[in-house]
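[1] could you work out the structure for the sequence below:
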Amino acid sequence: MMKPHYLVTFLVIILVVPCVGQNRTIDSLRSVLAKEPAAQDKVGIYSAMGNYFIRTQVYHDSAFFYTERAYDLAKQEGMAFDEAKALFDLGRIHNFLKDSEKAIAYYKRSLEVTKTLNRPQSLSSVYNNIGGAYFELEQFGDAIEYYEKALDISLTEGDARHIAVDYMNIAEAEYKLGDLYASKKHFELSKRQLDNINWEPSTFFLFYSRTLFALNDIEAAKVSVDKALSISEEQGDMYMISQSSELRSQIAELEKDYESAIGFYEKHVRFRDSLNTAREVNAIDKLKLNFDLDKAEKELVFMNKRNTSLKIIYILSAAGLLLLLVLISRQRKIIAMTRQMRDAQKALVDSKIGHIVVNDKNTTAENTQDHE
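    Next up is the predicted model:
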C-alpha cells in the first residue's frame, strides 16, 4: 500500500505539475528560485516570470502574483528601479484587463519612484502609458497632456524611436477628438522619424490611413492601409489584419469596387472571429487550469486531513498500547503482591498452628507430671 506522504507527492506530480510546469522558461526560473538566490536575483526572477505571463495575456492572475512579489521584495531591499518597474508592470496587467483606472493608479505610483531615478527614457515610457490609459478611458485631452510630456523628454534625449511613437500617439488622440489637420501634421512628423530609423510599424500606417480617410484623401489612405495590411500579414498579427481589412473594405465600397469590398470584409470577419476564438480557447485553457488546480488542491486537502486523522489514530493507538502495558505491569505487581501477602499469611498461620501444637504438648507433659 502506498504511504500517505508518498501519495500526496504523487497527486502533486500528476495533477499540478502538468498544469503549471509545461513551459520550460517558467520551469527553469522556478528551479533557480528553489535554490534560494540573493534578494536582487529573486527580484529579477519574479519580474521575469511576471513578464512572461503578461506577454501571454492569458494567466493574468499569475502575472499579478509574481509581479507583486517582485515589487514587495524590491521595496523591502530599497531597489528603486525594480520597484518602479514592478509598479509599471502591474499597471500594464490592469491595462490588459481593461481596468484603465487601476492601471493609471499603478502608473502614477511608478512615476513618483521613476522621478527619483536618472532614467529619462523610463520616465518617458511611464508618461506614454499613462496617456494610453487615459486614451482607453476616452479622456483624449488628458491623454495628449501626458503624450506631450513624454515627447518633451524624447526630444531632449534625441531618441528618434520614442519621438516617432510620441507624435503618433498625439496624432491618434487628435483624430479621436476630430482635430484631423493637427492629427495629419503629427502623423507626418512621426513618419520622418520612422524613415530616419527605417522602422515600419503596421499600427502607424493603419492609424494614419484612418485620418487620411476621414479627410477624404482616399488614394493616400488606400496606399497607407495596404501597407498596414501587408506588414500585419507578414507578422501574422490577426488583430491588425482584421482592422486593416475593415478599413480597406470601406475604401473599396466608397470606390464602388463591391467585389473587393466583400473580399476585404470577409477577411476582416474571418480574422476577427479567429481572434475571438483564440481568446475563447485561452479562456477555456485558463478555466481548465484553474479546475485542475482546484481539484488538486482539494485532493491534497483531503489527503492532509486523512494524514492528520491517521496520525491521531496512530498516536491514540500508541497511547492505548502504552496504557495497556502500564495496566498489565500494574496487574502483575498486584498479583505478585497478593501472592506475597498470601504466602506471608500462610507462613503466619503455619507459625501460629505450630505454636499451638507446641503449647499443647507442653500442657500434656505438665499434666502427666501432676498425675505422677
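
[2] give me the residue ranges of the protein where confidence is low.
    Along the chain, the model assigns pLDDT under 70 to residues 1-37, 39, 54, 56-59, 275-311, 313, 326-327, 330-372.

[3] mind listing what Thr328 touches?
    To be clear, residue 328 is Ile; Thr isn't right here. For Ile328, the contact set (C-beta atoms under 8 Å, 6 or more residues apart in numbering) is empty. Using the backbone N, CA and C atoms, a C-beta is placed for each residue, glycine as well.

[4] could you look up the SS state of Arg199?
    Actually, residue 199 is Trp rather than Arg. coil (DSSP: H, G, I helix; E, B strand; the rest coil).

[5] which residues touch it?
    So Trp199 contacts Arg161, Ala164 (C-beta under 8 Å, 6+ apart).

[6] can you rerun that using 6 Å?
    Listed by C-beta atoms under 6 Å, 6 or more residues apart in numbering, the contact set of Trp199 is empty.

[7] hmm, Phe53 is touching Ser62, no?
    Yes. Using C-beta atoms under 6 Å, Phe53 is in contact with Ser62, at 4.5 Å.

[8] for Arg192, see how far away Asp142 is.
    27 Å (C-beta to C-beta, to the nearest Å).

[9] so for those two, which residue has more residues nearby?
    For Asp142 and Arg192, the more surrounded residue by other C-beta atoms under 10 Å is Asp142, and the numbers stand at 17 against 12.

[10] other SSEs contacting the helix or strand hosting the more buried one?
    Using DSSP states H and E, the element containing Asp142 is helix 140-157. If you count contacts as 3 or more C-beta pairs under 6 Å, 6 or more residues apart in numbering; DSSP states H and E, helix 140-157 packs onto helix 120-136, helix 160-177.

[11] redo those as TSV? Include distance to Phe205 and mean neighbour count.
    Shown next, in TSV, are those (distance: least, C-beta to C-beta, whole Å; neighbours: other C-beta atoms under 10 Å):
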stretch	distance to Phe205	mean neighbour count
helix 120-136	19	22
helix 160-177	10	22
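
[12] and the strand or helix carrying Arg192, what's buried?
    Secondary structure from DSSP H and E places Arg192 in helix 180-197. Using 16 or more other C-beta atoms under 10 Å as the test for burial, helix 180-197 gives Leu180, Ala182, Ser183, Lys184, Lys185, His186, Phe187, Leu189, Ser190, Lys191, Gln193, Leu194.
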